[in-house]
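Trainee: Sharing a sequence plus its predicted fold:
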Amino acid sequence: MAGGGEKGEGSSASSSSSSSAKTSGKAVESVWRGSFGSEVSEESTSSGGGGGGAAGRRGGDGRWAAAAGGLSKFRLVKKVGSGDIGTVYLAEVAGCDWRFAVKVMDKRALEGRKKLLRAQTEREILKSLDHPFLPTLFSHFDTESFSCLVMEFCPGGDLHALRQRQPHKHFSEPAAKFYVAEVLLALEYLHMLGIVYRDLKPENVLVREDGHIMLSDFDLSLRCHVSPTLVRAASLSTSAAVSGSCAATCFLSKNTKNTKKKKKKKKGSEREEAALLELVAEPTGARSMSFVGTHEYLAPEIVRGEGHGSAVDWWTLGIFLYELLFGRTPFKGAGNRATLFNVVGQPLKFPAAEASVAARDLIRGLLAKEPGHRLGGKRGAAEIKQHPFFHGVNWALIRCATPPEIPPPPALPPPPRAAGARGDDGYLDFEFF
C-alpha cells in the first residue's frame with residue numbers, strides 16, 4: 001500500500017484484498033517490493049532529498065513542511081487499510097488542516113518473514129517518483145524497530161469500490177477510457193525509470209480528491225535497466241512529441257495529415273522527419289522468474305514459469321480494462337488453480353454487454369498470450385497510445401480533463417474518546433498486523 005485503503009475506504013496506499021491473494025515465489029532477480037508496518041521514530045528524513053524525484057513538486061506545497069519533523073506530530077485518526085507487510089492510517093498534523101496516509105511497518109516482523117527488502121525497496125521507489133498519477137512520499141521515519149512512510153491521502157477510495165457503486169457494477173466506456181489512459185501514463189513513467197509494476201488491479205488504483213487517479217502499492221515491483229531511445233514512428237498517422245520535463249507523460253496525439261503538410265511547407269522535410277519520431281522507454285530486457293501477482297491478473301508467462309519481463313504490465317492493463325468495462329475479469333475460475341489454468345489455456349471471450357469494436361480490439365491486443373505478440377511488448381506505451389480506443393485523448397492535457405466522478409469530501413468526525421484501541425487523547429494507537 002502506498003497510501004490507499006481497504007475496499008471502499010480512501011487513503012494513499014493500496015491494500016491487498018483477501019479475495020485476490022498475492023503470491024511471491026523464489027526470485028532469481030533483485031525484486032523491489034512495497035511495505036507497511038507500525039510505530040514511532042526519532043530519525044526522520046524528507047523524501048525529496050534522497051531520490052531527487054519528488055523535489056520538483058515542493059514549491060508552494062505546504063504538505064512538505066507539515067510532514068517534516070517526526071512521527072510524534074501526527075495523530076492517527078483511523079485505520080484505512082492493511083496489507084501483506086503493514087498497516088496504513090489516516091493521520092492529521094496538529095496545528096494544520098493537512099491529512100496524510102501513514103504506512104507503518106514493523107521491521108522485526110518483516111525480517112522474520114523475510115520481507116524486509118520489500119519495505120526498504122518500496123521506499124526507494126517512492127523517493128524516485130515525480131508524476132501526477134503516482135504517490136508523493138513527503139517524509140519517512142525510522143527507529144530501530146519501525147519504519148513509517150508519510151504519503152498523500154486519497155479520499156476517493158479505490159477503483160474496485162467505485163466500480164461496485166456503478167450501475168450494473170461496471171463503468172461506462174468513456175469513464176473506463178479515462179481511468180485506463182491515466183494508468184497507462186503512470187505505467188509508461190515507471191517503465192521509463194526501469195520499474196516493472198506487476199500488480200495492477202482496481203484495488204491498487206486510488207482516487208484523489210480531484211477525481212484523478214494515483215497508482216499505489218509497489219511491493220511486487222521489479223527494478224531493471226532501461227535505455228530510452230527515439231525511434232521512427234510505426235505509423236504516419238501518429239507520433240510522439242516530447243516536451244522538456246514532461247517527456248514521460250506529455251506525448252501529444254498526432255497531427256492530422258493537413259497539419260503535417262503545412263509543417264512540411266513551413267519547416268521542410270527535416271521538421272516532418274522529427275515529428276515522426278517517438279520516445280520508446282520500454283525495459284524490454286527485464287527478466288524475472290518470480291511467481292508474483294494476483295491470480296486473476298497473472299500473465300501466462302508467469303503461470304508457465306518461463307520467465308517474464310515488462311510485457312506483464314500490458315497484460316494486466318488488458319485485464320484491468322476488461323474488468324472496468326464488464327465488471328469481472330476474463331479468466332476467473334472456481335478457484336485459484338482453475339483461474340491459472342484458464343489464463344494459460346482458455347481463449348479470450350467477451351460477454352454480451354455492450355463495448356465498442358475498438359475497446360474489444362485493444363483488449364485482444366493486450367491479452368495476447370505470447371508476450372512477443374502482445375500490444376506494447378516491443379514499443380511499450382508509445383504503441384498502445386496509438387490505438388483507436390484512445391482516439392480523442394489529449395495526452396498532454398489529460399491532467400486538465402474532467403474526471404468521470406469527483407469524490408465527496410470524506411466525513412471525518414472527531415475521534416471518540418474510548419478505552420482500548422484509542423489512546424488517552426482519543427486518537428488511535430498503533431496496531432500490529
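Mentor: Nice, I can see it.
Trainee: how about the strands of the chain, start to end?
Mentor: Taking DSSP state E, the strands of the chain run over residues 22-24, 43-46, 74-83, 86-93, 99-106, 137-142, 146-152, 195-196, 205-207, 213-215, 222-223, 229-232, 277-280, 292-294.
Trainee: Can you convert those strands into a markdown table and add a column each for distance to Lys378, mean neighbour count and mean pLDDT?
Mentor: C-beta here means a position set from N, CA and C on the backbone, and glycine is covered the same way. Formatted as a markdown table, these follow (distance: least, CB to CB, whole Å; neighbours: other CB atoms under 10 Å; pLDDT from 0 to 100):
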| stretch | distance to Lys378 | mean neighbour count | mean pLDDT |
| --- | --- | --- | --- |
| strand 22-24 | 28 | 17 | 46 |
| strand 43-46 | 39 | 16 | 48 |
| strand 74-83 | 33 | 22 | 86 |
| strand 86-93 | 37 | 26 | 89 |
| strand 99-106 | 36 | 28 | 91 |
| strand 137-142 | 32 | 25 | 90 |
| strand 146-152 | 34 | 27 | 89 |
| strand 195-196 | 15 | 24 | 94 |
| strand 205-207 | 25 | 30 | 96 |
| strand 213-215 | 23 | 26 | 97 |
| strand 222-223 | 19 | 24 | 90 |
| strand 229-232 | 10 | 11 | 79 |
| strand 277-280 | 8 | 21 | 78 |
| strand 292-294 | 22 | 24 | 89 |
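Trainee: who wins for proximity to Glu182 among those?
Mentor: Shortest distance between Glu182 and the strands of the chain, using CB to CB, is found for strand 213-215: 4.8 Å.
Trainee: tell me which helix or strand of this protein sits lowest on mean pLDDT?
Mentor: Within the chain, confidence by mean pLDDT, DSSP states H and E is lowest for helix 48-51 among all helices and strands, at a mean of 42.
Trainee: Look up how far Glu209 lies from Pro408.
Mentor: As judged by CB to CB, to the nearest Å, Pro408 and Glu209 stand 10 Å apart.
Trainee: okay, the strands of the chain in TSV with distance to Phe390 next?
Mentor: Below are these laid out as TSV (distance: least, CB to CB, whole Å):
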stretch	distance to Phe390
strand 22-24	30
strand 43-46	37
strand 74-83	31
strand 86-93	32
strand 99-106	31
strand 137-142	30
strand 146-152	27
strand 195-196	22
strand 205-207	18
strand 213-215	16
strand 222-223	26
strand 229-232	20
strand 277-280	15
strand 292-294	25
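Trainee: circling back to that earlier point, counting neighbours, go ahead and name the busier of Pro408 and Glu209.
Mentor: A direct count of neighbours by other CB atoms under 10 Å for Pro408 and Glu209 places Glu209 higher, at 17 against 9.
Trainee: ok, Ile125 - contacts?
Mentor: Ile125 sits next to 32, 195, 218, 221, 223 when contact means CB atoms under 8 Å, 6 or more residues apart in numbering.
Trainee: Need the pLDDT of it.
Mentor: On pLDDT, Ile125 comes in at 95.
Trainee: quick one on the thing from earlier: and the contacts of Ile125, which two are furthest apart?
Mentor: The widest separation within the contacts of Ile125 (CB to CB) is 9.9 Å, between Phe218 and Arg223.
Trainee: can you tell me which residues contact Arg232?
Mentor: So Arg232 contacts 276-278 (CB under 8 Å, 6+ apart).
Trainee: partners of it in the sheet?
Mentor: Leu277 (DSSP bridges).
Trainee: hmm, back to that, could you name the stretch from the strands of the chain that's closest to Phe331?
Mentor: strand 292-294 (11.8 Å).
Trainee: Show me what the closest one is packed against.
Mentor: Here strand 292-294 touches strand 22-24, going by 3 or more CB pairs under 8 Å, 6 or more residues apart in numbering; DSSP states H and E.
Trainee: quick one: the helices in the stretch 51-200 of the chain?
Mentor: Per DSSP state H, counting those that start in this stretch, the stretch 51-200 of the chain carries helices over the ranges 63-67, 107-112, 116-128, 159-164, 173-192.
Trainee: All set, thanks.
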